[in-house]
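Novice: here's a sequence, model it:
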Amino acid sequence: RSRLNDVERMEIIEKLQGSSGKSQRAIAREYGVSHVSIIKTLKQQDAIRNRVQNLPDSTRAKTFRASNPSFPAMEDKLFDWIQ
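Specialist: Residues are numbered from 1 along each chain as shown. Coordinates of the predicted model:
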């Protein structure tokens, strides 16, 4: 089984939201993942959309997992300091 990156997750969300007529199981087979992965992607679609909007195009295809920062305020300040 393969892992989905954020670009693939967005494609799946768009296919299921659109009028493609494909079932969740058919899309799971197309991407080589389990049906549960498709369900989880749909449940997390808001977080995925937000993450994709905030990432540069070059990073989207490389992002397989995302975690919430433990200290978001500190990470924001660190990011500002680095730039």
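Novice: quick one, helices of this protein?
Specialist: Assigned by DSSP state H, the chain shows helices spanning 6-17, 24-31, 35-43, 45-54, 57-60, 72-82.
Novice: what's the least confident stretch among those?
Specialist: The minimum mean pLDDT among these belongs to helix 57-60 (a mean of 67).
Novice: kindly reformat the helices of the chain as TSV containing mean neighbour count.
Specialist: The way it works is simple: take the backbone N, C-alpha and C, and place the C-beta from them, glycine included. Shown next, in TSV, are these (neighbours: other Cβ atoms under 10 Å):
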stretch	mean neighbour count
helix 6-17	17
helix 24-31	16
helix 35-43	16
helix 45-54	13
helix 57-60	11
helix 72-82	9
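Novice: could you check how far the residue lying closest to Glu75 once chain neighbours are set aside is from Asp76?
Specialist: Spatially, and ignoring its direct neighbours in sequence, Glu75 is nearest to Pro69 (4.7 Å; Cβ to Cβ, 6 or more residues apart in numbering). Using Cβ to Cβ, to the nearest Å, we find Pro69 at a distance of 9 Å from Asp76.
Novice: quick one: common contacting residues for the two?
Specialist: Between them, Pro69 and Asp76 share no contacting residue under Cβ atoms under 8 Å, 6 or more residues apart in numbering.
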